[in-house]
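In: Okay, sequence plus prediction incoming.
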Amino acid sequence: MVIKSVTFAGAVARPGGPVPDRLPCIAFTGRSNVGKSSLINTVLGRTRNRVARVSVTPGRTQEINFFRVVARGRKQEHQFHLVDLPGYGYARVPAAMRERWAPLIEWFLARPEVCGVVQLIDSRHGPTKDDFANIERLARIGVPVIIALTKADKLRANERREAVGRWSPVLGVDPDQVVLFSSHTGEGREELLAGLDALLTEASAT
Ligand code: GTP
Ligand code: MG
């Protein structure tokens, strides 16, 4: 899939907030500091002119951010919202902020226009307790999931070869659903874009 254009389409900070016009949505979830904003910029090809803010202080993205994307897929053109959800599980975020997180995410992920979720997991450490809880939440909602194992450039060569085979059984997903990714090298970008193309094509057929 080739990205043709990206524009910021708005942000929502509380459940029930006004969502920019209805388009199929692909949401990105993961614990704070896992590399989500970096991955989004890399996937969108916006590493020079960033769309998602890469944080110096973890836990800064506290709202749902929408990016309207036009892309050319293998079979058809797609117009969709790429949705950056707030990261979870960062201990230093004030409790009040953490409590706001779950209702916001649960509300959004249950919306009918969500046609897929990219769940980010740190390739070095594997899933945390919060990651497992979120994967369970996604399974409960019944939304298709792609797992992106982030910061692959920090793995040794043998760890890189083994990462997908190592973590997919732990996560309880098919190895085909898992992409090894690095924002620093661009590894996994094409594979992830092909996965998004498949999710969007599937959604447009139903
Ligand atoms: P929050 O919005 O705070 O929840 O964080 P985030 O998940 O959006 O992570 P972000 O992209 O802001 O990156 C967090 C830190 O990890 C930054 O210091 C990045 O430079 C670093 N980082 C992100 N992606 C990669 C990667 O692929 N490789 C390496 N080595 N570092 C990365
Ligand atoms: Mg971020």
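Out: Okay, I see it. Numbering: from 1, shown residues only. Ligands and ions are numbered 1, 2, ... in the order given.

In: In three-state terms, label the residue sitting furthest away from the middle of the chain for me.
Out: Here the chain reaches farthest from its C-alpha mean at Asn158, the gap being 25.7 Å by CA atoms, centre = their mean. Local secondary structure at Asn158 is given as helix here, using DSSP: H, G, I helix; E, B strand; the rest coil.

In: quick one: low-confidence ranges for this structure?
Out: By pLDDT under 70, the weakly predicted segments of the chain are 47, 53-61, 90-98.

In: For ligand 2, what's its nearest residue on it.
Out: Ser37 (3.3 Å; CB to the ion). From N, CA and C alone the C-beta is placed, and that goes for glycine too.

In: Same question for stretch 169-181: list its buried residues.
Out: Buried residues in stretch 169-181, counted by 16 or more other CB atoms under 10 Å: 171, 173, 178-181.

In: for stretch 140-156, same thing?
Out: Taking 16+ other CB under 10 Å as the criterion, stretch 140-156 shows 143-152, 155 as buried.

In: now it: how far from the chain's centre is it?
Out: On the basis of CA atoms, centre = their mean, to the nearest Å, stretch 140-156 sits 8 Å off its chain's mean C-alpha point.

In: Check whether it comes into contact with ligand 1.
Out: Yes: contact between stretch 140-156 and ligand 1, assessed by CB under 6 Å from any ligand atom, occurs at 150-151, 153-154.

In: In strands only, show me the residues you listed.
Out: Among the residues of stretch 140-156 next to ligand 1, DSSP state E puts Thr150 in strands.

In: can I get the residues of stretch 140-156 next to ligand 1 in CSV with distance to ligand 2?
Out: Shown next, in CSV, are the residues of stretch 140-156 next to ligand 1 (distance: CB to the ion, whole Å):
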residue, distance to ligand 2
Thr150, 12
Lys151, 14
Asp153, 18
Lys154, 18
